[in-house]
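Visitor: Below are the sequence and a predicted model for it; my questions follow.
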Amino acid sequence: MFGKIGRNDPCWCGCGKKYKACHMAYDEKLKDFKRQGYVVPRRKLIKKPEDIEGIKRSAVINMACLDAVGEAIRPGMCTQEIDDIVSKVTRDMGGIPAPLDYEGFPKSVCTSINDVVCHGIPSEDEILEEGDIVNVDCSTILDGYFSDSSRMFLIGEVQDDWKQLVADVKESVQIGLDHVKPWMPMGHMSHAIDEFCQSKGYEVVREIGGHGIGLEFHEDPFVSYVLHEDEGMIMAPGLCFTIEPMVNMGRHDVLVDEDDEWTVFTEDGSPSAQWEVQLVVTDTGYEVLCS
Ligand code: MF3
Ligand code: CO
């Protein structure tokens with residue numbers, strides 16, 4: 001997994017320094033973790049400074065889309081209008097909506113209402129109603145760099161326990177971020193989220209989770225929230241991934257709509273909430289790139 005590279009050769013990260021003065025100790029450390037049986041990222045998953053800059057430029061568009069949706073969203077609006085906003089803002093700013101035609105997805109953004117867990121398809125026939133909670137999940141490509149984040153929106157007056165769910169899931173993502181520590185296994189972060197959600201009586205969806213991202217929409221690793229603390233990929237500095245727990249007020253079980261083959265529902269009909277952030281692991285913790 002580590003190409004042959006001499007101590008005095010230029011470092012693989014493109015910084016211009018010698019390998020021994022840059023990533024040599026880093027690679028040794030990863031090898032050590034691998035020997036101990038941990039999953040470690042391949043080199044191509046480690047983002048270089050210029051990749052991070054590219055992802056940040058892409059994220060400017062992604063966050064502008066969600067800001068614009070936040071200003072326009074209201075009861076009586078159809079979810080197709082959300083798709084129109086995302087499509088227009090993205091293209092006006094020079095980007096491409098990543099979901100469009102991704103594995104056949106027909107729209108530019110995912111809109112997931114109430115018991116829809118994720119991958120809801122915007123439609124003219126779907127009208128937002130007072131009391132709904134909706135997740136808008138937006139992803140952008142700019143110059144080959146991918147950004148991805150989602151936010152929850154409350155439509156008018158929402159019942160207290162649903163509002164609490166939305167707030168708690170947002171807090172769970174922050175707790176996850178607080179547990180992103182360089183050289184710790186991913187489970188350290190995941191477990192903290194799962195434990196918090198369980199303490200509130202919720203269940204986190206198991207089949208779908210976060211993912212590596214940057215030069216592709218979905219890269220390794222799969223970011224699960226049901227890992228043991230000492231499991232999962234080592235969070236090496238430069239690893240870029242999303243934290244995006246889908247949290248159900250009821251049971252964790254989900255179903256996929258048989259007709260559209262995209263929309264994911266809670267099996268028990270309970271409401272589900274999700275917030276998504278994209279981050280890069282740093283030498284001291286993390287930096288949020290998109291939210
Ligand atoms: N944006 C989703 C994520 O957070 C992926 C959606 S795939 C799509 O990973 F095709 F439905 F857009
Ligand atoms: Co994502």
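Guide: Here it is on my side, so go on. Ligands and ions are numbered 1, 2, ... in the order given.
Visitor: C-alpha from now on. contacts and neighbour counts both.
Guide: OK.
Visitor: out of everything not next to it in sequence, what's closest to Glu276?
Guide: Using CA to CA, 6 or more residues apart in numbering and skipping the chain neighbours, the partner closest in space to Glu276 is Glu244 (4.1 Å).
Visitor: For burial, what's the neighbour tally of Glu124?
Guide: As a burial measure, Glu124 scores 11 neighbours (other CA atoms under 10 Å).
Visitor: Same check on Gly37?
Guide: By the criterion of other CA under 10 Å, Gly37 has 10 neighbours.
Visitor: How about the secondary structure of it?
Guide: Secondary structure, DSSP: H, G, I helix; E, B strand; the rest coil: Gly37 is coil.
Visitor: so what's it scoring on pLDDT?
Guide: Gly37 is assigned 98 on the pLDDT scale.
Visitor: Next: the one 4 residues further on.
Guide: Pro41 carries a pLDDT score of 98 in this model.
Visitor: cool, and Gly3?
Guide: So Gly3 comes in at 59 (pLDDT).
Visitor: Skipping its backbone neighbours, what lies nearest the residue of the stretch 1-150 of the chain found nearest ligand 1 in space?
Guide: Proximity of the stretch 1-150 of the chain to ligand 1 (CA to the nearest ligand atom) peaks at Pro99, 3.6 Å away. Nearest non-adjacent residue to Pro99, counting by CA to CA, 6+ apart: Ser108, 5.2 Å away.
Visitor: Check the contact between that neighbour and Val86; I expect there is one.
Guide: Yes: proximity of Ser108 to Val86 meets the contact threshold set by CA atoms under 8 Å, at 6.9 Å.
Visitor: joint contacts of those two?
Guide: Pro97, Cys138 (CA atoms under 8 Å, 6 or more residues apart in numbering).
Visitor: shaky segments in the stretch 1-150 of the chain?
Guide: 1-3 (pLDDT under 70).
Visitor: Please list the residues of it that sit near ligand 1.
Guide: Residues of the stretch 1-150 of the chain that fall close to ligand 1, judged by CA under 6 Å from any ligand atom: Pro99, Tyr102, Phe105, His119, Asp137, Cys138, Ser139.
Visitor: what's stretch 7-19 in contact with?
Guide: Ile5, Gly6, Lys20, Cys22, His23, Met24, Lys48.
Visitor: First-to-last residue distance for that stretch?
Guide: Start to finish, the residues bounding stretch 7-19 are 5 Å apart (CA to CA, to the nearest Å).
Visitor: got it, and stretch 261-280?
Guide: The stretch stretch 261-280 measures 32 Å between its terminal residues, going by CA to CA.
Visitor: What residues sit buried inside that stretch?
Guide: 262-267, 269-280 (16 or more other CA atoms under 10 Å).
Visitor: Same question for stretch 82-99.
Guide: For stretch 82-99, by 16+ other CA under 10 Å, it's 82-90, 95-99.
Visitor: Out of these, which is nearest to Val158?
Guide: Ile82 (19.8 Å; CA to CA).
Visitor: secondary structure class for that closest one?
Guide: For Ile82, the assignment made with three-state DSSP gives helix.
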